[in-house]
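S.K.: Give me a model of this one.
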Amino acid sequence: MAGNEDNYKLSGKPKSGIFNRSITMQPTSTNSLKKPYLSPTLDRAGSMNKLYNPFETIVTAGNSIKGKVKKLCNFFESSKSPSPVTDELQSPKPKLAKSSSPDSRVSSILNSSSIQLPGTEDRIVVYLTSLRGIRRTFEDCYAVRMIFRGFRVYVDERDISMDSAYRKELQSVLGEKNVSLPQVFIRGNYVGGANVIKQLHEYGELAKILDGLPVRKPGYVCEGCGDVRFVPCSNCNGSRKVFDEEEDMPKRCLECNENGLIRCSNCCS
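M.R.: I've put the predicted structure just below:
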């Protein structure tokens, strides 16, 4: 074997083309011509300089940005110089004072309101409902109750769901059959519904209207009804029927309403 290797070195002939790494790794001139990416005419350095020349990119970007800025400045300068007539029309209008809002005029109309509720000149009367059948109506009634409770003033709440006589009373006072709830009367004068009370409260006019009305103690709750305003009838115990001994038969109780309830004597007069 040693003799064969010596003969191979002396002769310079390859033992086999498969094991000759120098031949397989070095491409011939014909192969190099077939591969364009090995062509010596490709100037990589020049193309890279064109793509990544920071000075040229900064100059071109600066020129484009300056041109855009000038166009925008010219556009806004032309829009800021209208004619005197348009300038007066586009000038901001002064904001109305809180006292000059439409709903704040209710405070001056209270004494001259055409709709009156007799016998309530010293209190606030609110017609509302405690039923949750209509969500919007219940939320408006609850909001009005919370607003008045924030002032701690005494409110005569007349729940039409507890006594249908209040509905008939409200319809006769307003002169309408279909009446939305809640409806508020202050010192016997008709004010309006939930939207009017909310806006009066936001503008600060409601506090002026309620000035002078009796105020309840903080956290006060009626011991008789728990601020429900109604208690079971003491005559029939809420059954709505009483026994007539003279006629020896039950009769309808005349002291309670259709639900067997009467107004609380402690908080309602």
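
S.K.: And the contacts of stretch 220-229?
M.R.: With contact meaning Cβ atoms under 8 Å, 6 or more residues apart in numbering, stretch 220-229 is reached by 157-159, 162, 231, 263-268. C-beta here means a position set from N, CA and C on the backbone, and glycine is covered the same way.

S.K.: Would you write out the PyMOL command that picks the buried residues out of the residues you listed?
M.R.: Selection of buried members from the contacts of stretch 220-229 for PyMOL, criterion 16 or more other Cβ atoms under 10 Å:
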select buried, resi 157+158+159+162+231+263+264+267+268
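
S.K.: Please render the contacts of stretch 220-229 as TSV that adds secondary structure and distance to residue 174 to the earlier fields.
M.R.: Shown next, in TSV, are the contacts of stretch 220-229 (DSSP: H, G, I helix; E, B strand; the rest coil; distance: Cβ to Cβ, whole Å):
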residue	secondary structure	distance to residue 174
157	strand	18
158	strand	13
159	strand	17
162	coil	20
231	strand	28
263	strand	22
264	coil	26
265	coil	28
266	coil	29
267	coil	25
268	coil	22
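
S.K.: Tell me which stretches of this structure form strands.
M.R.: Along the chain, the segments classed as strands by DSSP state E run 124-128, 155-159, 183-186, 189-192, 230-232, 241-244, 249-252, 261-263.

S.K.: With respect to burial, which of these scores highest?
M.R.: Among the strands of the chain, strand 183-186 has the highest mean neighbour count (mean count of other Cβ atoms under 10 Å), at a mean of 25.

S.K.: partners of that strand, with directions?
M.R.: Strand pairing for strand 183-186, using DSSP bridges, gives strand 124-128 (antiparallel), strand 189-192 (antiparallel).

S.K.: what is the rounded mean pLDDT of that strand?
M.R.: Across strand 183-186, the average pLDDT comes to 96.
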